[in-house]
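J.: Next comes the sequence, and after it the predicted model I'd like to discuss.
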Amino acid sequence: QVQLVESGGGLVQAGGSLRLSCTASLPIAFKTYVMAWFRQAPGKEREFVAAIPWYVASSDYADSVKGRFTISRDNAKNTVFLQMNSLKPEDTAVYYCAARQGEMSRSLPYNYWGQGTQVTVSS
């Protein structure tokens, strides 16, 4: 059964930190998937946040989070993380974990999605 389960969301003050986790159960080996985080704020479209390929050496970040967020993965635990530092009120959104095979991408379709975890940053 395919499943991506996010955790770690919550309420934090501006300038604070949160670490999101996503544990995946996928049809084939976790390490073969590109893993990514997206977010959707109320009234806005879902947007790309960060992605990491299986080989880890190269990651991609949205300009709005570069230098503040770090994506990482533990292939042995089928888990991807998003460390979020220096949080801003505009980071408030539901954060989704996603998986795809093939090339790392911001815009190509991701095949599998989690249910999302709420992150709220107060000013």
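T.: Yes, it's here.

J.: going forward, measure contacts and count neighbours with C-alpha atoms only.
T.: Will do.

J.: Which of the three states applies to the residue nearest to the spatial centre of the chain?
T.: With distances taken as C-alpha atoms, centre = their mean, the residue of the chain nearest its centroid is Trp37 (2.3 Å). Here Trp37 is recorded as strand under DSSP: H, G, I helix; E, B strand; the rest coil.

J.: can you count the residues close to Ser122?
T.: 16 (other C-alpha atoms under 10 Å).

J.: So it is in contact with Gln13, correct?
T.: Yes: under the criterion of C-alpha atoms under 8 Å, Ser122 makes contact with Gln13 at 4.8 Å.

J.: For the closest residue to Gly8 other than its chain neighbours, give the beta-bridge partners.
T.: Of all residues not flanking Gly8 in the chain, Leu20 sits nearest, at 4.5 Å (C-alpha to C-alpha, 6 or more residues apart in numbering). Note on Leu20: beta-bridge partners by DSSP bridges are Leu82.

J.: Ok, Tyr112 next?
T.: Here Tyr112 sits in beta bridges with Ala99, as judged by DSSP bridges.

J.: Distance of Thr117 relative to Trp54?
T.: Note on Thr117: its distance to Trp54, by C-alpha to C-alpha, to the nearest Å, is 23 Å.

J.: wait, isn't the residue nearest to the centre of the chain in contact with Tyr95?
T.: Yes: judged on C-alpha under 8 Å, Trp37 makes contact with Tyr95 at a distance of 6.7 Å.

J.: Quick check: closest non-adjacent residue to Val94.
T.: Val94 sits nearest to Gln118 (C-alpha to C-alpha, 6+ apart), 4.4 Å away.

J.: Secondary structure class of the one you found, three-state.
T.: Gln118 ends up strand, using three-state DSSP.

J.: what's the burial count for it?
T.: As a burial measure, Gln118 scores 19 neighbours (other C-alpha under 10 Å).

J.: ok, it - contacts?
T.: Residues near Gln118 by C-alpha atoms under 8 Å, 6 or more residues apart in numbering: Gly9, Gly10, Thr92, Ala93, Val94, Tyr95.
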